[in-house]
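Undergrad: Dropping the sequence and predicted coords here.
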Amino acid sequence: MKERIEKKIPVNALGCMCGTSMDGLDLALIQTDGEKIYSFGKSSFKAFSESEKKMLRGCLGRWPGDKLVSKASDLITEIHIDEIKKFKADLIGFHGQTIAHVDGVSTLQIGNVKYLRESNKVPVISNFRQADIKVNGNGAPLMPFLDWLLFRNSRVDKIVLNMGLGLDGADAKILKAAEEDMGKITGQKPVITKFKKSVANFKTRKGSNAGLKVTLRKNKMYEFIDRLVNIALPRIKDFRGLSPKGFDKFGNYTFGVKEHIIFPEVSFDRADKVRGLDIVVVIKALNKDHAFALLEKMNFPLIKKGDN
């Protein structure tokens, strides 16, 4: 295993986490070489019974040497062994159940690492909080570091907005009004797009005005995302979330809004016509799963599998 990791050969790593809520055990499998995550695998959740929760909560604030702590440690170990058997892992990351913690001083997570290693015949990595304290950390929370590991090679590069005008693009007054609306929505002057070919059925001519486009980067992009997810999208009537089907194979995400007036910068009374917008979020990510997770972290209201 050590040789595979040193040579950056991907392994199936299983993460096991019991949160301070003491509601159960989360497990998730990924394929990684220690730096990059190549794919997300199976995941599961094992809920603790009420009696198990009662025992664990009774341990809060207690330290090693207490009989109840020893009994609870055995319980956590047994639950992990049973659940880990459902996965095929080359490596296990074991957090354990936190029952006592003093920021930057001491921390205790129960569960027997030795038994887990012997039971599954694979390496088990543990003592994450203790390791953080040893390098002058608080020991918790660890999520900021995990987020950094997950997203350090992922980012949103730019956002492209398109507004189609069709035949209205030939009307100078309508075109100007649409340009003003796009400018208010994005904080940037739009570019006029042209039809690339003539289509008799649609009465369009090659080179005539087709619509408007704005490309946002850096600060303007992040400002737009903030307004989009926190103000504009919630104003959509009966809005239930964004479809996850909009991701392409590279991880870029495309979706449309039917009414540009969801942006409060645009006055409904002054808009000549309600128009739709196509929005493309150009993402640098390893895969679609990474891109999905990145947008979730940025509060995009994406619908998850199984959600109604």
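TA: In hand now; what should we look at? Numbering: from 1, shown residues only.

Undergrad: ok, for K42, nearest residue in space, not its chain neighbours?
TA: Nearest non-adjacent residue to K42, counting by C-beta to C-beta, 6 or more residues apart in numbering: L29, 5.1 Å away. Every C-beta, even on glycine, is put in place using the N, C-alpha and C of the backbone.

Undergrad: what are the phi and psi angles of that neighbour?
TA: phi -110, psi 130 (degrees, to the nearest 10).

Undergrad: ok, now which ones touch it?
TA: L29 is in contact with 12-15, 40-43, 87, 89, counting by C-beta atoms under 8 Å, 6 or more residues apart in numbering.

Undergrad: Report the lowest-confidence entry in the residues you listed.
TA: Within the contacts of L29, F40 has the lowest pLDDT, namely 85.

Undergrad: and that one, that one's in a helix?
TA: No: counting by DSSP: H, G, I helix; E, B strand; the rest coil, one finds F40 to be strand, located in no helix.

Undergrad: Give me the nearest residue to it, chain neighbours excluded.
TA: Excluding the flanking residues, the one nearest F40 by C-beta to C-beta, 6+ apart is D289, at 4.7 Å.

Undergrad: so the residue nearest to K42 bridges to which residues?
TA: L14 (DSSP bridges).

Undergrad: quick one, strands of this protein?
TA: Assigned by DSSP state E, the chain shows strands spanning 11-18, 24-32, 37-47, 91-102, 106-110, 124-125, 155-164, 191-194, 209-216, 253-257, 277-284.

Undergrad: by contact count, what packs against the first one?
TA: Contacting strand 11-18 under the criterion 3 or more C-beta pairs under 8 Å, 6 or more residues apart in numbering; DSSP states H and E are the following elements: strand 24-32, helix 67-84, strand 91-102.

Undergrad: With the last one instead?
TA: Counting contacts by 3+ C-beta pairs under 8 Å, 6+ apart, strand 277-284 packs against strand 155-164, strand 253-257, helix 288-297.

Undergrad: that older thread, from the helices and strands packed on strand 11-18, which stretch is densest packed?
TA: strand 91-102 (a mean of 20; mean count of other C-beta atoms under 10 Å).

Undergrad: Check which helices and strands that one is in contact with.
TA: Counting by 3+ C-beta pairs under 8 Å, 6+ apart, strand 91-102 packs on strand 11-18, helix 67-84, strand 106-110, helix 113-120, strand 124-125, helix 128-134.

Undergrad: Now do the shortest one: distance to the chain's middle.
TA: Right, strand 124-125. Chain-centre distance of strand 124-125: 25 Å, with C-alpha atoms, centre = their mean, to the nearest Å.

Undergrad: per-residue confidence at the residue nearest to K42?
TA: 96.

Undergrad: shaky segments in this structure?
TA: For the chain, the stretches with pLDDT under 70 are 1-2, 5, 202, 305-308.

Undergrad: what's the spacing between the residue sitting furthest away from the middle of the chain and N209?
TA: Residue distances from the centre of the chain (C-alpha atoms, centre = their mean) peak at A200, which lies 44.8 Å from the mean C-alpha position. Per C-beta to C-beta, to the nearest Å, A200 is found 18 Å from N209.

Undergrad: Next: E35.
TA: Counting by C-beta to C-beta, the gap from E35 to N209 is 48 Å.

Undergrad: Contacts only, for F239.
TA: Residues in contact with F239 (C-beta under 8 Å, 6+ apart) are 233, 301.

Undergrad: redo that, cut-off 10 Å
TA: The contact partners of F239, by C-beta atoms under 10 Å, 6 or more residues apart in numbering, come to 233, 257, 262, 301.

Undergrad: Over to K245?
TA: By C-beta under 10 Å, 6+ apart, the contact list for K245 reads 253-255, 303.

Undergrad: looking at these, which has the most residues close by?
TA: Y253 (26 neighbours; other C-beta atoms under 10 Å).

Undergrad: Okay, and the beta partners of it?
TA: Here Y253, judged by DSSP bridges, has bridge partners F247, V281.

Undergrad: just checking, it touches D278?
TA: No: taking C-beta atoms under 10 Å as the definition, Y253 is not a contact partner of D278, at 11.6 Å.

Undergrad: hmm, back to that, reformat the helices and strands packed on strand 11-18 as TSV; add distance to I159.
TA: Listed next are the helices and strands packed on strand 11-18 as TSV, based on distance: least, C-beta to C-beta, whole Å:
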stretch	distance to I159
strand 24-32	28
helix 67-84	41
strand 91-102	35
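
Undergrad: Go through those and name the closest to L242.
TA: strand 24-32 (23.3 Å; C-beta to C-beta).

Undergrad: what distance separates stretch 61-76 from the middle of the whole chain?
TA: Counting by C-alpha atoms, centre = their mean, stretch 61-76 comes out at 35 Å from the chain centroid.
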